[in-house]
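**Student:** Everything below, folded, please.
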Amino acid sequence: MTRSTPRSRGEELLLARISAAAGRARLGRRLATHMATAYRARTRNGPFRPVRWLPPLAGYGRYRATRASPNARLDLYEHGMTVALKGRIHVVRYDTTSVFRHRTRSRGSSPAGAALLHTLTDVERKRLVLHGGPEGGDARDWEHAIQRAVTRAQLPGALAALHRGERVSFGDVWLSRAHIGAGERCTPWARVQRIGTAEGFLVLTIDGAQHRWGPAMPRIPNLFVFWALVERCRTDGTH
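**Tutor:** Residues are numbered from 1 along each chain as shown. Modelled structure (predicted):
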């Protein structure tokens, strides 16, 4: 973020608070600053639910989002990020966060105008929602940066766990060197001919037949890490 005018006293105090929070969490060097639309997610008993301004989940149909202007400052660091929202500084570490992604669009918009909601857990296990749509600031830059950083932080440990013979779980979906599973159901990698998505669900082609696998995609955390791990499993012979 570039500046053409001096910072105000309030901006200086905010930056000091952000820097202090990042220092306590040992996030390393600041790399970039972005503006975004952010919300605190409200959760209920049971599975993950999106933020308050979305309608209730009904088979993960189309979401309708309220248009909003950027209201939060994101500071991206080497090992995590801070989100300054409504006077509070939230800290997210890339090696421990869970990121859920939900595609949404405003009423009357086309699929091409759909945006992504990113729900991240902070170090206190509270959920923050970042809006990646046209109203979400320079969303493309921070979306890609967060995805790369979380993958870089979590993929090596996941691969090491596989090589130790452990399961790596992404919510209800899990992987091992020998199998891919969802809950108590599993199948050997050798029988999986293709893995992809259809109608918002993970779909496996097993022995020539397609099978819906696990929960809807928005309920699978760190989906980009999952895909990177699947790619390694299928191409590097880890299974």
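
**Student:** what about the helices in the protein?
**Tutor:** Using DSSP state H, the helices of the chain run over residues 9-24, 139-163, 223-235.

**Student:** From the contact counts, what lies against the last one?
**Tutor:** Right, the one you point to is helix 223-235. Counting by 3 or more CB pairs under 8 Å, 6 or more residues apart in numbering; DSSP states H and E, the packing neighbours recorded for helix 223-235 are strand 99-104, helix 139-163, strand 168-170, strand 173-175, strand 192-198. C-betas here are computed from N, CA, C, even on glycine.

**Student:** Could you export the ones you listed to a markdown table, including columns for mean neighbour count?
**Tutor:** Output for the helices and strands packed on helix 223-235, formatted as a markdown table (neighbours: other CB atoms under 10 Å):
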| stretch | mean neighbour count |
| --- | --- |
| strand 99-104 | 20 |
| helix 139-163 | 17 |
| strand 168-170 | 19 |
| strand 173-175 | 21 |
| strand 192-198 | 13 |
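
**Student:** Now render the ones you listed as JSON lines, adding distance to Met81.
**Tutor:** Below are the helices and strands packed on helix 223-235 laid out as JSON lines (distance: least, CB to CB, whole Å):
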{"stretch": "strand 99-104", "distance to Met81": "11"}
{"stretch": "helix 139-163", "distance to Met81": "7"}
{"stretch": "strand 168-170", "distance to Met81": "21"}
{"stretch": "strand 173-175", "distance to Met81": "26"}
{"stretch": "strand 192-198", "distance to Met81": "27"}
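
**Student:** Any buried residues in the lengthiest strand in the chain, and which?
**Tutor:** When the chain is scanned for its longest strand (criterion: DSSP state E), the result is strand 30-40. Of the residues in strand 30-40, 30, 33-39 count as buried by neighbour count, 16 or more other CB atoms under 10 Å.

**Student:** bridging residues for the residue most central in space within the chain?
**Tutor:** The chain has Val99 as the residue nearest its centroid, 2.4 Å off, counting by CA atoms, centre = their mean. Beta-bridge pairing for Val99 (DSSP bridges): Leu120.

**Student:** need the contact list for it.
**Tutor:** Residues counted as contacts of Val99 (CB atoms under 8 Å, 6 or more residues apart in numbering) are 118-120, 146-147, 150, 221-224.

**Student:** still on that earlier bit, direction included, what does the longest strand of the chain pair against?
**Tutor:** strand 72-77 (antiparallel), strand 127-131 (antiparallel).

**Student:** just flag whichever of those has the lowest average confidence.
**Tutor:** Among the strands paired with strand 30-40, strand 127-131 has the lowest mean pLDDT, at a mean of 93.

**Student:** which stretches of the protein have low pLDDT?
**Tutor:** The model of the chain has pLDDT under 70 over residues 1-5, 43-68, 105-115, 133-138, 235-239.

**Student:** Domain-wise, how is it divided?
**Tutor:** Domains of the chain are assigned by automatic domain parsing as 10-152, 165-235.

**Student:** Next, format the ones you listed as TSV and append distance to Leu159.
**Tutor:** Output for the domains of the chain, formatted as TSV (distance: least, CB to CB, whole Å):
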stretch	distance to Leu159
domain 10-152	11
domain 165-235	6
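
**Student:** Indicate which one of those is closest to Ala158.
**Tutor:** domain 165-235 (4.7 Å; CB to CB).

**Student:** show me what contacts the nearest residue to Arg194 once chain neighbours are set aside?
**Tutor:** Computed as CB to CB, 6 or more residues apart in numbering, the closest residue to Arg194 that is not its neighbour in sequence is Thr205, at 4.0 Å. The neighbourhood of Thr205, defined by CB under 8 Å, 6+ apart, consists of 192-196, 211.

**Student:** related to what we said a few turns ago, the helices and strands packed on helix 223-235: which one's closest to Arg17?
**Tutor:** That would be helix 139-163 among the helices and strands packed on helix 223-235, by CB to CB, at 20.0 Å.
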